[in-house]
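Asks: I'll drop the sequence and a predicted model, then ask my questions.
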Amino acid sequence: MRPQGNQLRLVVGSDAAGREYRNALASDLRANPLVATVVDIGSDDRARRPYPEVAFAAGQLIAGGQVDRALLVCHTGLGMAIAANKVQGIRAVTAHDSLSVRVSVLSNNAQVLAFGQGIIGLALARRLAAEWLTYRFEATSSAAVKIEAIHAFEDQRFPAATTPDQPR
Ligand SMILES: O=C(CO)[C@H](O)COP(=O)(O)O
């Protein structure tokens with residue numbers, strides 16, 4: 001489906017430890033009017049794909065422009081974020097509170113949000129996911145220069161502004 005207005009194209013994924021929340025969140029997201037599409041990349045219990053494989057696949061869908069954001073679930077949310085951050089151009093966070101979810105988009109322009117099924121209750125995960133959909137990064141915000149600094153470092157452009165002060 002073609003996105004309308006401010007609708008988002010999403011990918012959801014989990015390892016076996018996050019499967020229950022992934023299924024519940026995917027169903028919520030599909031019913032949310034701020035969502036155009038939800039691609040579910042698994043994994044199911046039989047596949048038992050380890051979290052890095054799922055995170056890399058989700059990150060590559062974003063980097064390739066097929067989707068806008070990813071919602072990933074593992075036991076803690078930590079491994080998913082670490083692995084997704086290895087994909088060029090991806091900014092992934094683990095966040096389990098409203099402020100962090102908000103800042104992850106408005107300041108960090110993170111495209112990936114990772115939850116830990118073993119860390120928060122399902123009701124909170126659902127609420128945070130719904131809040132997350134309402135935020136959009138503003139390219140004109142003062143945060144944009146910091147995102148550009150992250151990209152420059154990733155691309156090994158090392159702008160002077162990011163080099164540490166020399167000891168006197
Ligand atoms: O939480 C996880 C990684 O951060 C994952 O669900 C469990 O990790 P594993 O036991 O190393 O697969």
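Replies: Ah, there it is. Numbering: from 1, shown residues only.

Asks: C-alpha from now on. contacts and neighbour counts both.
Replies: Fine.

Asks: what does the chain have sitting close to the ligand?
Replies: A17, P50, C74, H75, T76, G77, L78, G79 (Cα under 6 Å from any ligand atom).

Asks: Need the pLDDT of the second one.
Replies: If I follow you right, that is P50. pLDDT, P50: 96.

Asks: Over to Q4?
Replies: At Q4, pLDDT is 78.

Asks: what does the host helix or strand of N23 rub up against?
Replies: If you go by DSSP states H and E, N23 is part of helix 19-30. Helix 19-30 is contacted by residues 12-14, 35-38, 40, 42-45, 72-74, 117, 122, 125-126, 129-130 when judged by Cα atoms under 8 Å, 6 or more residues apart in numbering.

Asks: ok, back up a step: most neighbours of all the residues of the chain next to the ligand, which one?
Replies: With neighbours taken as other Cα atoms under 10 Å, the top of the residues of the chain next to the ligand is C74, carrying 29 neighbours.

Asks: Phi first, then psi, for it.
Replies: Here is the backbone geometry of C74 (degrees, to the nearest 10): phi -130, psi -160.

Asks: so who does the spatially most central residue of the chain touch?
Replies: Most central in the chain under Cα atoms, centre = their mean is V112, positioned 0.8 Å from the mean C-alpha point. When contacts are counted by Cα under 8 Å, 6+ apart, V112 touches G59, R69, A70, L71, L72, A81, A84, I90, R91, A92, V93.

Asks: do A110 as well
Replies: If you count contacts by Cα under 8 Å, 6+ apart, then A110 has I90, R91, A92, V93, S104 around it.

Asks: Without its sequence neighbours, what residue ends up closest to it?
Replies: Closest residue in space to A110, ignoring its immediate chain neighbours: R91 at 4.6 Å, by Cα to Cα, 6 or more residues apart in numbering.

Asks: what's the distance between the one you found and R30?
Replies: Applying Cα to Cα, to the nearest Å, the value for R91 to R30 is 23 Å.

Asks: Show me which of these two is the more surrounded one.
Replies: The neighbour comparison of R91 against R30 (other Cα under 10 Å) goes to R91, with 23 against 15.

Asks: where does D68 fall, phi/psi-wise?
Replies: phi -90, psi -40.
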